[in-house]
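**Student:** I'll drop the sequence and a predicted model, then ask my questions.
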Amino acid sequence: MSLRLQVSLNGARGAAEGAAVPLSPGDLAESALGAVAAGAVEVLVHPRTPCGRESLSPRVVGPLLEALRGAGVSVPLSVCAGIAAEPDPAGRLERVRSWRVLPDRAAVHFAEPGAAELARVLLARGVAVDAVVALSGAPEEGAMAATGCASGAAGSGAAGSGAAGFGALARFLASRVPESAGRARVRPAVELAVVPAAAGPAVVAGLVAALRRPAVGPLLLYGREAAAWPVLRLAVRWGADARIGLGDVLRLPDGRPAGSNAALVAAAHEVVGAGAGTTGGGAFRW
């Protein structure tokens with residue numbers, strides 16, 4: 001089974017989290033080249049100022065994208081357009097409208113205020129959107145129904161208690177951003193914090209039901225830290241796009257520290273080669 005893999009180069013990490021995490025534009029470009037050579041087909045980066053603060057300023061985003069492309073990174077480039085880079089929703093819109101150099105994609109967190117409008121502004125500028133929904137636990141039946149997971153129809157209610165993140169999923173589905181943009185330009189990106197052995201397939205089945213509609217593109221599934229490798233295996237099993245990188249996890253599947261993003265990408269492809277995606281689920285493509 002093939003694996004469409006996005007590499008998260010740096011995420012929210014700083015210098016204190018190890019020398020392997022690339023920080024400067026030059027180090028990010030070198031790391032991206034290594035990850036692509038190892039098999040990544042997309043690159044996600046969190047732009048930062050020289051002092052390490054996340055930023056959406058055109059004076060930060062533009063030079064970083066130019067450094068990556070100038071170094072020869074030819075795969076699609078994505079930036080994180082989250083609240084950590086600009087807390088004010090209006091400020092995020094202003095920043096995005098002022099970009100002179102555009103990424104191919106941007107990650108928009110639908111748990112954050114102003115997400116739907118931010119997605120529309122990005123799409124209007126020609127930037128594809130990863131609609132990020134972070135689920136912090138296995139869903140309860142009430143939360144699944146709130147998103148329309150039980151019937152496959154879009155829901156507009158809030159998530160029930162005990163199912164953090166399903167309210168954000170419901171907001172994404174209710175926003176109709178995918179319908180207004182076209183299927184290929186909006187991709188749901190679902191972070192699963194916990195994948196119990198028994199509940200994992202049920203969680204993905206619920207997401208399939210919620211997202212099975214012509215306007216929604218392929219699903220991206222990913223986890224962080226202890227959830228990173230179990231969720232990658234789940235993504236492979238269901239034919240979803242996957243994500244790995246030092247921005248998400250600092251260790252290889254066997255627990256050893258990862259020396260680079262390239263090492264994590266290579267390990268992800270070894271997971272596929274070992275047959276992790278051959279037992280059920282079916283391809284998550286429409």
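**Tutor:** Cool, the structure landed.

**Student:** any stretches of the stretch 51-200 of the chain with poor pLDDT?
**Tutor:** 136-166, 168-169, 173-184, 195-200 (pLDDT under 70).

**Student:** now with 50?
**Tutor:** Within the stretch 51-200 of the chain, the segments meeting pLDDT under 50 span 138-164.

**Student:** how distant is whichever strand or helix holds R120 from the center of its chain?
**Tutor:** Secondary-structure assignment from DSSP states H and E places R120 in helix 115-124. Chain-centre distance of helix 115-124: 16 Å, with Cα atoms, centre = their mean, to the nearest Å.

**Student:** which residues touch it?
**Tutor:** 81, 89, 92-93, 96-97, 106, 108-110, 128-129, 131, 171-172, 175, 177, 180-181, 185-186 (Cβ atoms under 8 Å, 6 or more residues apart in numbering). Just so you know, the C-beta spots here come from the backbone N, C-alpha and C atoms, and that holds for glycine as well.

**Student:** kindly report the same for stretch 11-23.
**Tutor:** So stretch 11-23 is contacted by 9-10, 28, 30-31, 46, 48, 52, 54, 84, 245-248, 250, 257-261 (Cβ under 8 Å, 6+ apart).

**Student:** tell me the mean pLDDT for that stretch?
**Tutor:** Mean pLDDT, stretch 11-23: 92.

**Student:** all helices of the stretch 51-200 of the chain, in order?
**Tutor:** Per DSSP state H, counting those that start in this stretch, the stretch 51-200 of the chain carries helices over the ranges 58-70, 89-98, 115-124, 141-147, 166-175, 177-181, 200-211.

**Student:** put the alpha carbons of stretch 246-261 into PDB.
**Tutor:** Included here for stretch 246-261 are C-alpha records, laid out as PDB according to Å, rounded to 0.1, in the frame of the first residue of the first chain:
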ATOM      1  CA  LEU A 246       9.800  16.200  14.700                       C
ATOM      2  CA  GLY A 247       6.900  18.600  15.100                       C
ATOM      3  CA  ASP A 248       4.800  15.700  16.200                       C
ATOM      4  CA  VAL A 249       7.100  13.100  17.800                       C
ATOM      5  CA  LEU A 250      10.700  12.900  18.800                       C
ATOM      6  CA  ARG A 251      11.100   9.100  18.900                       C
ATOM      7  CA  LEU A 252      11.100   6.300  16.300                       C
ATOM      8  CA  PRO A 253       8.600   3.400  16.600                       C
ATOM      9  CA  ASP A 254      11.100   1.400  18.700                       C
ATOM     10  CA  GLY A 255      11.500   4.200  21.200                       C
ATOM     11  CA  ARG A 256      14.900   5.400  20.100                       C
ATOM     12  CA  PRO A 257      15.400   9.200  19.700                       C
ATOM     13  CA  ALA A 258      14.900  10.300  16.100                       C
ATOM     14  CA  GLY A 259      17.900  12.100  14.700                       C
ATOM     15  CA  SER A 260      16.100  13.900  11.900                       C
ATOM     16  CA  ASN A 261      12.800  14.400  10.100                       C
END
